[in-house]
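>>> with the sequence up front, the predicted model follows.
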Amino acid sequence: MVENNELEILQHEPVPNKAVLQKWLPILLYVQCTSMAISVLSLIIPLGNVTTWIGYIVTIAAFFVLFQLVPACKRYRKSVVFQCIGLILLILNSVIIVNSGTTTASNLIGTAVTFAASVCTLIASYQEYYSHGEVIRELDGKLAKRWRSLFVWQIVVGVVVGLGSSIIAVISVMIGFAEVATVGILVLITGLAGVALRIVYLLYLGKMIKLLKD
């Protein structure tokens with residue numbers, strides 16, 4: 001009878017594996033804050049490959065933390081898998097394809113690999129955000145919906161930034177604007193958009209952590 005009562009309590013627990021979330025979500029917050037700091041630093045002081053490889057290390061740390069959250073929601077595993085694939089593709093592009101030269105074939109392969117990595121990253125974000133939404137749904141339904149909305153906004157911002165960047169590039173060519181300056185502007189716009197989304201992500205994650213402490 002005691003075992004049955006304990007099972008019923010576990011089944012009706014608002015947040016299953018709450019202890020796992022309480023332990024690892026704050027660590028995820030620290031890792032993601034570090035990631036954003038690196039992104040902001042790279043916009044202010046371009047350090048080339050140094051920033052890129054530091055970013056890879058921080059990303060791997062995020063993989064590890066998300067994998068620890070799998071007991072709370074199985075979706076986290078899917079996020080880790082797709083993020084790993086995306087990272088491997090990016091590293092492959094940086095180490096092998098970029099060093100192979102600037103031929104048309106290598107450029108096409110590089111573009112295809114980068115696109116595939118972007119798709120994997122997008123799928124990984126979908127799985128992660130919906131995981132966050134699922135684990136917090138019983139405590140705060142509005143926050144769960146905001147996590148799902150954040151993924152939609154990520155797509156919308158990506159499309160808008162992409163179109164805006166294309167328009168700026170075309171106009172720059174038409175008016176004879178310096179190529180280096182144009183690239184700098186495009187990198188800045190893309191970076192600021194990513195930082196804005198990351199700030200919202202951190203705010204939602206912080207609210208999750210606070211709710212789970214209560």
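On my side now, so go ahead.

>>> how about residue 72, secondary structure?
In three-state terms, and counting by DSSP: H, G, I helix; E, B strand; the rest coil, residue 72 is coil.

>>> what's the burial count for residue 114?
15 (other Cβ atoms under 10 Å). Heads up, the C-betas are built off the backbone N, CA and C, glycines and all.

>>> and if you look at residue 147?
By other Cβ under 10 Å, neighbour count at residue 147 equals 22.

>>> I'd like to know how far it sits from residue 140.
Residue 147 sits 10 Å away from residue 140, going by Cβ to Cβ, to the nearest Å.

>>> residue 43 too?
To residue 140, residue 43 is 33 Å away according to Cβ to Cβ.

>>> so which residue is dead centre in this protein?
The centroid of the chain falls nearest to residue 125 when counting by Cα atoms, centre = their mean (5.5 Å).

>>> isn't that residue up against residue 155?
No: in terms of Cβ atoms under 8 Å, residue 125 does not count as a neighbour of residue 155; the distance is 9.2 Å.

>>> following element in sequence after the helix or strand of the chain with the lowest mean pLDDT, please.
Least confident helix or strand, the chain: helix 2-11 with a mean of 42, by mean pLDDT, DSSP states H and E. Next helix or strand after helix 2-11 toward the C-terminus (DSSP states H and E): helix 18-44.

>>> tally of neighbours for residue 53?
Residue 53, neighbours per other Cβ under 10 Å, totals 13.

>>> now residue 122
Neighbours around residue 122, by other Cβ under 10 Å: 16.
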